[in-house]
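Peer 1: sequence-free structure coming up:
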């Protein structure tokens, strides 16, 4: 309803700790909307950066990744995890992309002679390829562009890597088309609140597997 294109299919890619894509039909129609988790967003990149550089909160401005070279062999091995080949709808979280996963990436990369920067670059490539591969495998709809938001959208190394991995789909910042992507969820929750008080369904059965339309939420007077 809020972020569809007037003429084309569009993807909305969120890059929080976990990455997820929402496939949005044109003209705000509900039929055909799908959503699933693509894999890590910034969880693995941040975990690797903090493990290697405890003085950093994350790879600021993608500088470490920019200075390193990703190891394709490590990326290929990690993408062999069954989650990435599972058919949607599906979801994942930090129960998979956790500290053990981070340490495996680091130790495998170290055994191949990777530097700290190389390891962060490998984490970025893993994330980008998991996104691009998800599009190729699981999105049959004629999506022409994907709008990226979330914390990972502000990592230029990750954004550029996703743009390359997702080609020929055009990848743009959500901010360039609408408004500050940090406000996207707040606007969406305002819409959900409006739908509740006007007694309209707020769910998307095709995305969640619900049995049908439902009015969501509960109003509790102050």
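Peer 2: All right, it came through fine. Just so you know, these numbers come straight off a predicted model, no measurement behind them.
Peer 1: Tell me which stretches of the chain form strands.
Peer 2: Along the chain, counting by DSSP state E, strands occupy 9-15, 18-24, 34-40, 143-149, 170-173.
Peer 1: which other residues reach the second one?
Peer 2: Residues from elsewhere that reach strand 18-24 (Cβ atoms under 8 Å, 6 or more residues apart in numbering): 3-5, 9-14, 32-41, 43, 91-94, 97, 127, 130-131, 134-135, 139, 141, 143, 146, 152, 207. Yep, even glycine has a C-beta here, placed from its N, CA and C like the rest.
Peer 1: give me the number of residues near residue 211?
Peer 2: Number of residues near residue 211 (other Cβ atoms under 10 Å) recorded here: 6.
Peer 1: who touches stretch 78-94?
Peer 2: 17-18, 20, 34-37, 39, 43, 96, 104-105, 126, 129-130, 133-134, 137-138, 207-209.
Peer 1: Can you tell me which of the residues you listed are classed as buried?
Peer 2: 17-18, 20, 34-37, 39, 43, 96, 105, 126, 129-130, 133-134, 138, 207 (16 or more other Cβ atoms under 10 Å).
Peer 1: Could you check how far residue 159 is from residue 121?
Peer 2: Remark: distance between residue 159 and residue 121 (Cβ to Cβ, to the nearest Å) = 14 Å.
Peer 1: mind listing what the residue lying closest to residue 155 once chain neighbours are set aside touches?
Peer 2: Residue nearest to residue 155 in three dimensions, not counting chain neighbours: residue 62, with 4.8 Å by Cβ to Cβ, 6 or more residues apart in numbering. Applying Cβ under 8 Å, 6+ apart to residue 62 gives the contacts 124, 155-158.
Peer 1: where's residue 55 relative to residue 119, distance?
Peer 2: Taken as Cβ to Cβ, the span from residue 55 to residue 119 is 16 Å.
Peer 1: Looking at those two, which is more packed in?
Peer 2: Taking neighbours as other Cβ under 10 Å, residue 55 and residue 119 compare with residue 119 leading, 28 against 5.
Peer 1: which residue packs closest to that one, ignoring adjacent ones?
Peer 2: Residue 119 sits nearest to residue 109 (Cβ to Cβ, 6+ apart), 4.5 Å away.
Peer 1: Same check on residue 146?
Peer 2: Leaving aside its chain neighbours, residue 146 sits nearest to residue 11 (3.8 Å; criterion: Cβ to Cβ, 6+ apart).
Peer 1: Please apply the same query to residue 14.
Peer 2: Residue 14 sits nearest to residue 150 (Cβ to Cβ, 6+ apart), 4.6 Å away.
Peer 1: Could you count how many residues lie near the one you found?
Peer 2: Count around residue 150 with other Cβ under 10 Å applied: 22.
Peer 1: Also residue 102?
Peer 2: With other Cβ under 10 Å as criterion, residue 102 counts 23.
Peer 1: if I read this right, it contacts residue 44, doesn't it?
Peer 2: Yes: in terms of Cβ atoms under 8 Å, residue 102 counts as a neighbour of residue 44; the distance is 6.1 Å.
Peer 1: Would you mind listing where this structure has pLDDT under the threshold?
Peer 2: Nowhere does the chain drop to pLDDT under 70.
Peer 1: which helix is the longest one in it?
Peer 2: In the chain, taking DSSP state H as the definition, the longest helix is helix 116-138.
Peer 1: and it with strand 143-149, angle?
Peer 2: Helix 116-138 runs at 140 degrees relative to strand 143-149, counting by axes from the mean of the first three to the mean of the last three Cα atoms, to 10 degrees.
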